[in-house]
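>>> Model the structure of this input:
(2 chains, ligands or ions: 2)
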Amino acid sequence: MSFVQADREELAMELDLQRKMLRDMLLARAFEERVAQEYAQGNIAGFLHLYPGEEAVGVGVLHAAEPADYVVSTYREHVHALVRGVPANNVMAELFGRKTGCSGGMGGSMHLFNRERRFMGGYAIVGETFPIATGIGYAIAMRELPEVVICFFGDGAVNQGAFHESLNMAALWKLPVLFVCENNHYQIGTEIHRHSAVAEVYKRACSYRIPARRVNGMDVLAVHQATEEALAQIRVGNGPQFIECETYRFRGHSMADPGSYRPKVELQAFEKNEDPVKIAIAEVVYPSAEQITAVGRDNIANLTESLRSGGHFPAEHVDVMQADVAAEVEEAVRFASESPEPTLDDARAALDCNRQGEVLV
Amino acid sequence: MNDKVYYWQALNRSLDVEMAADESIIVLGEDVGLYGGSYRVTEGLYAKYGEWRLRDTPISEGSFTGLGVGAAMVGLRPVVEIMTINFALLALDAIINMAAKIPFMSGGQFPMPLVVRMPGGVAKQLAAQHSQRLEQTLMNVPGLRIAVPATPQDAYWQLCQAINSNEPVVLLEHELLYFSKGELDESRQAPPMHRARVCRQGSDLTIVTYSRMRDLALQAAMQLADTGIEAEVIDLRSLRPIDWDSCIASLEKTHRLLIVEEDSGFAGAGAEITAGLTERCFLIMDAPPQRVAGKELPIAYNAALEAASIPRVADIVSAAQQLCRP
Ligand SMILES: Cc1ncc(C[n+]2csc(CCOP(=O)(O)OP(=O)(O)O)c2C)c(N)n1
Ligand SMILES: [Mg+2]
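Residues are numbered from 1 along each chain as shown, chains lettered A, B, ... in the order given. Ligands and ions are numbered 1, 2, ... in the order given. Next up is the predicted model:
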């Protein structure tokens, strides 16, 4: 194979990945916006935490993972589940509380599970993802498998004791855990400087000698690359790694929260300049003829590099993708609303799922 | 075969037998490995099975119990030892919010072959923070099973059964029982894990009890026999589920119920047993059920106060006599 050919193939793979990530980001945004509407209409209830603004984190991280890796997440996990390949139908059905949901209607928004996809659950007690992931990591390490467990958590979670206890054990026993902090700067209404003595979250991993870095969590390519590098380190047996993704949520903490504690300009600035979906589109779309002309011929050479990573993707294709994900979300809503409710027998069966025919008394 | 062994030795045998048979069994806890366990329960196992299967943990009850939960979800069979139940308060999130909920919340997708073993109870002047029982805290949690072995034979059987179950099981041991002796016959067929045992036959009243109070109830029954009262003594062996049928069968004979528990009575295990048996047996009872329970006090360091805070044989005898008065 010639250099040129190898180069082309690599480029093609890179572009393919970028398109897939873009599609997932569009799906994530469309899914969550629709979920908000369904909540307003009373089809979804309970605590509901949405992901708009943070898509680059979940998408970038999970596209760098292998199917055999495990994912442990928080209550803000719809998008993690979707990107992991849990069908939108089953995620939506779970939010509707239906039997066809990925947790049989027993879990709801904050407790999505899917064993087949190694999606090990959404946890609603802040800080629980640390020990769960550490335990999965323990099992992987003991069996000497090449798998990794990815542990998501927010900036607020790092002040839980479990954060420190678990990082200590993960480092001590060199467990294959990738800790991913989704730092959206808020713990509900408390801004990070008001909840953490050290606001650079990644620095806190240093107490446990876990290699840690901070990336721009609004840039899916940056997140993806950092994750690839971290996973490679973990897979050769070097123990846990830590990535802090700086991001921002565009909505309130949950549907119950208007988010009025945040300065308007802060939100506007992020929405206007840092929307990860817009950034991702800009990164993959082939520059239009007008854009090239505007930059000027002399600068075309300078564009080559960004083109290479930016891709050859006509803007119209984004519209096609948008329509595609909209249809997927529409179908998910139809599927969910037509699905049956679980029964009390289903609930008992879920509780006793591990009984194995054992006679207790 | 019918050797007399210490309670801790029976637990040790159980772990050894099961660990030899199944490589996915691991033990997690403070000083369970190199040191051999605070009550010698894991003695000798570290040398045999190595550090990955007997893991000495930092003092992080919440997270090493949670680690056990995560490991159980992917097929390991962790036996978590919490040094005493008092420290389990730091692990309640892992036990109640994780282990008991994950199989259910996931719609039945994940196994939870987790065992949490820990001693509780009043020992010898360990004061208020080291003398709690707390069984009622865990009894109210659907999704958990709770065994309370009182003898070496039951300790052996119930730990083996707990390890082999795919459901989360809490094994409540007792600090004063570790160095008690009893028979252990490993070849005997175990009864179902949560079935109660009638340890003494009698026709005048039924004493329902569990854990260390079993011995006191049996002593009381001997004294009662001298005064002409024949007590039937039932060792529950389990607090969730409770074997109602064995209790009902006894009450059909005796018509009188006395519950003996070491924990303070208010909203405790005895309250549940009273309610459960009153609902089922009200019409055949000749007298209101009575409880002999620990006092509504934290346990004092002072030896006399400590002894006075939990049931004594004499308390059981006099309560039984009151109950049987015509
Ligand atoms: C142990 C615990 N305490 C409090 C809460 C209530 N609570 C839910 S989310 C949240 C804020 C968490 O912030 P962060 O970890 O930054 O995650 P984010 O929601 O920003 O993604 C709080 C306090 C909880 N769920 N669990
Ligand atoms: Mg946050």
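>>> From A:Val126, how far off is B:Gly108?
Separation of B:Gly108 from A:Val126 (C-beta to C-beta, to the nearest Å) stands at 26 Å. In short, each C-beta sits where N, CA and C put it, glycine included.
>>> nope, A:Met142 is what I meant
A:Met142 is 28 Å from A:Val126, where distance means C-beta to C-beta.
>>> for whichever residue of the stretch 51-200 of chain B sits closest to ligand 1, helix, strand, or coil?
When distances are taken as C-beta to the nearest ligand atom, the stretch 51-200 of chain B reaches nearest to ligand 1 at B:Asp93, 7.8 Å away. When the structure is split into helix, strand and coil by DSSP: H, G, I helix; E, B strand; the rest coil, B:Asp93 lands in helix.
>>> is it true that it touches A:Ile125?
Yes. The criterion here is C-beta atoms under 8 Å, and B:Asp93 meets it with A:Ile125 at 6.1 Å.
>>> More neighbours: the two, which one.
Applying other C-beta atoms under 10 Å in any protein chain shown to B:Asp93 and A:Ile125 shows that B:Asp93 carries more neighbours, namely 21 against 17.
>>> show me the contacts for that one.
Applying C-beta atoms under 8 Å, 6 or more residues apart in numbering or on different chains, one finds that B:Asp93 lies in contact with A:Ile125, A:Glu128, A:Ala162, B:Gly62, B:Gly66.
>>> out of those residues, which is most surrounded?
Most crowded among those, counting by other C-beta under 10 Å, is B:Gly66 at 31 neighbours.
>>> tell me which element it is part of?
Taking DSSP states H and E as the criterion, the element that holds B:Gly66 is helix B:61-73.
>>> how about the helices in chain B?
B:7-21, B:45-49, B:61-73, B:92, B:102-105, B:135-139, B:152-164, B:213-226, B:244-254, B:269-281, B:303-309, B:313-324 (DSSP state H).
>>> show me what contacts the closest residue to B:Met98 other than its chain neighbours?
In space, B:Met98 comes closest to B:Val69 once its chain neighbours are excluded; the distance is 4.5 Å by C-beta to C-beta, 6 or more residues apart in numbering or on different chains. Neighbouring residues of B:Val69 by C-beta under 8 Å, 6+ apart: A:Pro131, A:Ile132, A:Gly135, B:Ala94, B:Met98, B:Ala99, B:Ile102, B:Met112, B:Leu114.
>>> As CSV, the helices of chain B with mean pLDDT would be great.
As requested, these are arranged in CSV below (pLDDT from 0 to 100):
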stretch, mean pLDDT
helix B:7-21, 98
helix B:45-49, 98
helix B:61-73, 98
helix B:92, 98
helix B:102-105, 98
helix B:135-139, 95
helix B:152-164, 98
helix B:213-226, 98
helix B:244-254, 98
helix B:269-281, 98
helix B:303-309, 97
helix B:313-324, 98
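>>> quick one: which of the ones you listed is nearest A:Ala226?
Distances from A:Ala226 to each of these were compared using C-beta to C-beta; the minimum, 24.3 Å, belongs to helix B:61-73.
>>> Run the chain-centre distance for the closest one.
Relative to the centre of its chain, helix B:61-73 is centred 21 Å away, using C-alpha atoms, centre = their mean, to the nearest Å.
>>> any residue of it up close to ligand 1?
No. Helix B:61-73 stays out of contact with ligand 1 when judged by C-beta under 6 Å from any ligand atom, the minimum separation being 11.0 Å.
>>> right, and B:Lys48 touches B:Leu15 too?
No. Using C-beta under 8 Å as the test, B:Lys48 is too far from B:Leu15 to be in contact (10.2 Å).
>>> ok, those two, which is more surrounded?
Applying other C-beta under 10 Å to B:Lys48 and B:Leu15 shows that B:Leu15 carries more neighbours, namely 29 against 11.
>>> how many other residues sit next to residue 87?
No chain was given, so I picked chain A. Other residues lying near A:Pro87 total 18 when counted by other C-beta under 10 Å.
>>> wait, I meant chain B there
The number of residues packed near B:Phe87 is 17, by other C-beta under 10 Å.
>>> what's the closest residue to it other than its chain neighbours in contact with, if anything?
For B:Phe87, the nearest residue in space outside its immediate sequence neighbours is B:Glu61; the separation is 5.1 Å by C-beta to C-beta, 6+ apart. The neighbourhood of B:Glu61, defined by C-beta under 8 Å, 6+ apart, consists of B:Ile82, B:Phe87, B:Ala88, B:Leu90, B:Ala91.
>>> how close does the residue of the stretch 51-200 of chain B closest to ligand 1 get to A:Leu172?
Per C-beta to C-beta, B:Asp93 is found 21 Å from A:Leu172.
>>> if we can go back for a sec, between the helices of chain B, which shows the greatest average number of neighbours?
Mean neighbours per residue, mean count of other C-beta atoms under 10 Å in any protein chain shown, is largest over the helices of chain B for helix B:61-73, with a mean of 30.
>>> Find me the pLDDT at the nearest residue to B:Ala293 once chain neighbours are set aside, would you?
Of all residues not flanking B:Ala293 in the chain, B:Gly265 sits nearest, at 3.2 Å (C-beta to C-beta, 6+ apart). Looking at B:Gly265, its pLDDT stands at 96.
>>> Tally up the residues packed near the residue lying closest to A:Thr129 once chain neighbours are set aside, please.
The shortest distance from A:Thr129 to any non-neighbouring residue, by C-beta to C-beta, 6+ apart, is to A:Val72 (4.7 Å). Look at A:Val72: counted by other C-beta under 10 Å, it has 30 neighbours.
>>> Contacts only, for A:Val72.
With contacts defined as C-beta under 8 Å, 6+ apart, A:Val72 is in contact with A:Met120, A:Gly121, A:Tyr123, A:Thr129, A:Ile132, A:Ala133, A:Ile136, A:Val149, A:Ile150, A:Cys151, A:Phe152, B:Gly70.
>>> Report the beta-bridge partner residues of it.
A:Cys151 (DSSP bridges).
>>> any idea how far A:Val180 is from it?
In this view, A:Val72 and A:Val180 are 10 Å apart by C-beta to C-beta.
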